[in-house]
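# Provide a 3D model corresponding to the input given below.
(2 chains)
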There are 2 protein chains.
Amino acid sequence: MVPHRVPRWPWWLFRASPGWASWGARRGCPSMSSRPPEVMLTQERYPVRRLPFSTVSEQDLATFEHIMPGRVSTDPAELEAHNVDWLRTVRGCSKVLLRPRTSEEVSHVLRHCHERNLAVNPQGGNTGMVGGSVPVFDEIVLSTALMNQVVSFDDVSGTLVCQAGCVLEELSRLVEERDFIMPLDLGAKGSCHIGGNVATNAGGLRFLRYGSLHGNVLGLEVVLADGTVLNCLTSLRKDNTGYDLKQLFIGSEGTLGVITAVSILCPPKPKAVSVAFLGCPSFAEVLRTFRTCKGSLGEILSAFEFMDATCMQLVGRHLHLACPVQESPFYVLIETSGSHAGHDAEKLGSFLEHALASGLVTDGTLATDQRRIKMLWALRERITEALGLDGYVYKYDLSLPVERLYDLVTALRARLGARAKHVVGYGHLGDGNLHLNVTAEAFSPSLLAALEPHVYEWTAGQQGSVSAEHGVGFKKRDVLGYSKPPAALQLMGQLKALLDPKGILNPYKTLPSRA
Amino acid sequence: MVPHRVPRWPWWLFRASPGWASWGARRGCPSMSSRPPEVMLTQERYPVRRLPFSTVSEQDLATFEHIMPGRVSTDPAELEAHNVDWLRTVRGCSKVLLRPRTSEEVSHVLRHCHERNLAVNPQGGNTGMVGGSVPVFDEIVLSTALMNQVVSFDDVSGTLVCQAGCVLEELSRLVEERDFIMPLDLGAKGSCHIGGNVATNAGGLRFLRYGSLHGNVLGLEVVLADGTVLNCLTSLRKDNTGYDLKQLFIGSEGTLGVITAVSILCPPKPKAVSVAFLGCPSFAEVLRTFRTCKGSLGEILSAFEFMDATCMQLVGRHLHLACPVQESPFYVLIETSGSHAGHDAEKLGSFLEHALASGLVTDGTLATDQRRIKMLWALRERITEALGLDGYVYKYDLSLPVERLYDLVTALRARLGARAKHVVGYGHLGDGNLHLNVTAEAFSPSLLAALEPHVYEWTAGQQGSVSAEHGVGFKKRDVLGYSKPPAALQLMGQLKALLDPKGILNPYKTLPSRA
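The predicted structure follows:
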């Protein structure tokens, strides 16, 4: 099992937000009393205008209170955490938080909001990266936090059925006790809700092996904008009875309906996990290593991550993590998960022997015990943290043809020159997913102008995706055109109009602002 | 590699159609000249009325001829094979066959048909089981047969991009030469088109291991009803830029758009394949064997099929295939596919030893060479053929909770008594997919009345699916309500109205007739 590596609300993240240079200096060990500076309101930072929704009246509050007695909050202190994203980059000003326990309650709420033209922001664990999970203005926050009941687990088929607000880590624990694992794993698993994972089509660390949620989710219960409960909560592995409606809601970020329950297929728990950390002389060798490793490790390969030398320097400098192999231009982390420790070790050993002998890798180390595995994973997983300590970070999450994955990093170094402190590339190479990050002493509009739209144009030139796994949310809705043709954007708009004609569900998100 | 087991247009299938008793007697070795009797027109056998579409005029034909010179056919002899399904149970009377080569041609055709209100029946290899691939009345047949170009194959990522009319078996051959396999395999692979596979969300023999097309298809190019080309033909593993529009078309059976190109992820080719054929003392032991085997074989398990004793008796009686193990109430076929023959053999050996020692299975045989593997697979794959030789066959393809999979077979035996010749159950147990078949000397309305709606009601009572993998097509559109709630059927109708407002695409299919 891969441990939960990224702490919740790490203090260094506060520094990553623009305009906090002075607060960033207090980085040692912030006490609970050293509150981070207030995040600027989204409506002040971005050129966005409130749509003509109604505002919540006393009568609305009474209706909500009738629907879910004692679970309607208007307490500003309580609402604060629900108005700000965890990266502390966007902030809404919702005045109402609703915590339903059942899909019937969600249905009653939406029917009322639909009638009253009240905007609603469905919210899971609020761990999104693109500002999709918090209000932009005063949308009602509809939290799934209390919808956290497990409905059933079938230990023959491995099918888990649960409410949308179940926390991923808790589900993991539950199914692992029964010798299964969840088909997805994320750094945010201690906070994120399964409903939010599905709504954002979360990728994560097990994607390479177990694939996307479009394949693993068997059924969904969704409440539509007008309160209709759409029960597609089948737990069948196969169901070919007409349109696969649940697919519409996977990755639609709460803009087409509110996911209230999930049926998901869990793979059997691997009996052995090993991690190899290797140095590669060039990106061409990283690619060759990937190809060879796919062939040799076959069905037991469960992760293939890469990072460049600058990433390693940064985790060394800022986090004092030692590089476990000789210095190299590139590093790869390979994880295997299988049902037979001896066989897995033999496969991995024979692959490593070949990789070293043929010069694909120049040095490497192998871990099979939990502690060492965790240490090696930390080198890859704590890059984000190290970047946060390096300065202001410009972040991109791109999907590219795997053979061109690193070209943009090289090109950007040349383009930006001394304007950037560091330009680094790392990510889920096995999935063609590059995390491109640029650091600078502080936020600068001119550096931003040198990056955007250049990065998006370059990505579009490679038929890449401007959002590989983080989604669209509020922040990327106006760069969608780089990855989707006009006919697709038009169809997205038509689907939104069909399912949510008044546009009350998670407004200002996912669809281009001019659509 | 699993060989192509079911011959194309096997002669015995002709007998399986109602009303051919006399022709069925000529079963020995039909010559090419012994033409099967004509199939009754769908509009005569079923209570279905032609919708008010236009009929094709000389001017329409001229327009089509202009769009694709020399590829417009009105030859009745040529049209015959396109009007009748391969099971020879439904027959349309289309008078026009179009064979476009490009998506632009498809776009021109649909734009014209949309303007003229002409109905269109998109057709791939015409291997469907539910009458979805042939016209009901005089719909224009739009065949993908000439759209058979491979666009690209990336041998790092395993991504294949090709036109919709590529034959599955040819694609398999192509990617296998490059050490990959297609993520799906079907008996019909020698004829079926990849576009048709995707349009019908085909399941098949590799489903257990590689999952559904909703996970494996990376991108689609689709021409909408009005001729708009929707290019979602990304070949990226990850793309989270808004609604995943391609999912709408996977399994929509050509009713929402015509798939013209497919981008699909191919898994690495296994280096070793083994098959075990085992006898189990009861269905409870079949389930326990499945559970144990999932645990022990883990990532190398690639098929878990089961059949009952009656199936084995029928393949023995009608096809003279010998049972390779002691007679048992149930048999299971387990296939492993892995990257290391030695390891795989050891895993399988140790599982078999345990299964025998603990009484889960009473006898078994193992094959690792191609010839013996084929022989063992034939026992499972030729059941359909044996049933066809046993009499008239009532066929059901149900998805059920795995632990209840066989209950319906037992219950039906009691219910039908002597009215049925044989009631058998077999199928993809690993996917919860039961093929329930009832044979009788001839078609009988009273036996049908004893079966339907009882089978569908029973299935609905288990929250099962009345179509696990065969789809809806023409034949099952009015039993959808057993597996989908009214809200889902309503949303299906709304999606149809949005994407194909005139209803010209594959009419009389997939959606309930009263929707």
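# can you name the residue of chain A nearest chain B?
A:Gly215 (2.2 Å; C-beta to the nearest C-beta). To be clear about C-beta, it is placed using only N, CA and C from the backbone, and glycine gets the same treatment.
# my read is that residue is in a helix, agree?
Yes: A:Gly215: assigned to a helix according to DSSP: H, G, I helix; E, B strand; the rest coil.
# wait, doesn't it sit right on B:Gly215?
Yes: A:Gly215 is in contact with B:Gly215 according to C-beta atoms under 8 Å; the separation is 2.2 Å.
# please identify the helix or strand for A:Glu335.
Under the criterion DSSP states H and E, the helix or strand holding A:Glu335 is strand A:330-338.
# so that strand versus strand B:330-338, what angle?
160 degrees (axes from the mean of the first three to the mean of the last three C-alpha atoms, to 10 degrees).
# chain center to stretch A:68-83, what's the gap?
What separates the centre of stretch A:68-83 from the centre of its chain is 25 Å, taken as C-alpha atoms, centre = their mean, to the nearest Å.
# same question for stretch A:422-442.
With C-alpha atoms, centre = their mean, you get 15 Å for stretch A:422-442.
# okay, now it: how far is its last residue from its first?
End-to-end distance of stretch A:422-442 (C-alpha to C-alpha, to the nearest Å): 12 Å.
# that one: which residues count as buried?
A:422-440 (16 or more other C-beta atoms under 10 Å in any protein chain shown).
# show the average pLDDT along that stretch.
Averaged over stretch A:422-442, pLDDT sits at 94.
# thinking again about what came up before, the buried residues of stretch A:422-442 in helices, which ones?
In helices, defined here by DSSP state H, there are no members of the buried residues of stretch A:422-442.
# so which of those belong to strands?
A:422-428, A:433-440 (DSSP state E).
# so what's the residue of chain A closest to chain B up against?
By C-beta atoms under 8 Å, 6 or more residues apart in numbering or on different chains, A:Gly215 lies in contact with B:211-212, B:214-216.
# so in terms of bridging, what pairs with A:Leu436?
Beta-bridge partners for A:Leu436, by DSSP bridges, are A:Tyr396, A:Gly425.
# from what I see, A:Ile250 and A:Leu218 are in contact.
No: taking contacts as C-beta under 8 Å, A:Ile250 lies outside contact range of A:Leu218: 11.4 Å.
# of the two, who's got more company?
Between A:Ile250 and A:Leu218, A:Ile250 has the larger neighbour count (other C-beta atoms under 10 Å in any protein chain shown), namely 26 against 23.
# picking up where we left off before, relative to helix B:341-357, how tilted is the following helix or strand past the strand holding A:Glu335?
Going down the chain from strand A:330-338, the next helix or strand is helix A:341-357, by DSSP H and E. In terms of direction (the same axes, to 10 degrees), helix A:341-357 departs from helix B:341-357 by 180 degrees.
# and helix A:341-357, what does it pack against?
strand A:272-280, helix A:283-297, strand A:330-338, strand A:363-367, helix B:341-357 (3 or more C-beta pairs under 8 Å, 6 or more residues apart in numbering or on different chains; DSSP states H and E).
# identify the residues contacting that helix?
A:271-272, A:274, A:276, A:278, A:289, A:292-293, A:296-298, A:300, A:334, A:336-338, A:360-362, A:364, A:366, A:368, B:339-340, B:343, B:346-347.
# among those, name the buried ones.
For the contacts of helix A:341-357, buried by 16+ other C-beta under 10 Å: A:272, A:274, A:276, A:278, A:289, A:292-293, A:296-298, A:300, A:334, A:336-338, A:360-362, A:364, A:366, A:368, B:339-340, B:343, B:347.
# to the chain's geometric centre, what's the distance from stretch A:235-253?
Counting by C-alpha atoms, centre = their mean, stretch A:235-253 comes out at 21 Å from the chain centroid.
# that one and chain B in contact?
Yes: if you take C-beta under 8 Å from any C-beta of the partner chain as the test, stretch A:235-253 does meet chain B, through A:235-245, A:247-248, A:250-252.
# show me the shaky parts of the stretch 151-300 of chain A.
Within the stretch 151-300 of chain A, no stretch has pLDDT under 70.
# can you give me the strands in it?
A:159-163, A:217-223, A:229-232, A:258-265, A:272-280 (DSSP state E, counting those that start in this stretch).
# what would those strands look like in CSV with distance to chain B?
Converted to CSV, the strands of the stretch 151-300 of chain A look like this (distance: least, C-beta to the nearest C-beta, whole Å):
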stretch, distance to chain B
strand A:159-163, 9
strand A:217-223, 9
strand A:229-232, 5
strand A:258-265, 9
strand A:272-280, 10
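# looking at the ones you listed, which is closest to A:Leu98?
Of all the strands of the stretch 151-300 of chain A, strand A:258-265 sits nearest to A:Leu98, with 11.1 Å by C-beta to C-beta.
# quick one: the closest one to strand A:159-163, angle?
160 degrees.
# alpha carbons only: can I get strand A:258-265 in PDB?
What follows is strand A:258-265, C-alpha atoms only, in PDB (Å, rounded to 0.1, in the frame of the first residue of the first chain):
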ATOM      1  CA  VAL A 258     -24.900  16.000  -7.800                       C
ATOM      2  CA  ILE A 259     -23.400  12.600  -7.300                       C
ATOM      3  CA  THR A 260     -25.000  11.100  -4.200                       C
ATOM      4  CA  ALA A 261     -23.800   7.500  -4.300                       C
ATOM      5  CA  VAL A 262     -21.200   5.500  -6.100                       C
ATOM      6  CA  SER A 263     -20.800   1.800  -7.000                       C
ATOM      7  CA  ILE A 264     -17.100   1.000  -7.800                       C
ATOM      8  CA  LEU A 265     -15.100  -2.100  -8.600                       C
END
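# what is it packed up against?
Packed next to strand A:258-265, using 3+ C-beta pairs under 8 Å, 6+ apart, are helix A:103-116, strand A:120-123, strand A:159-163, helix A:194-199, helix A:213-216, strand A:217-223.
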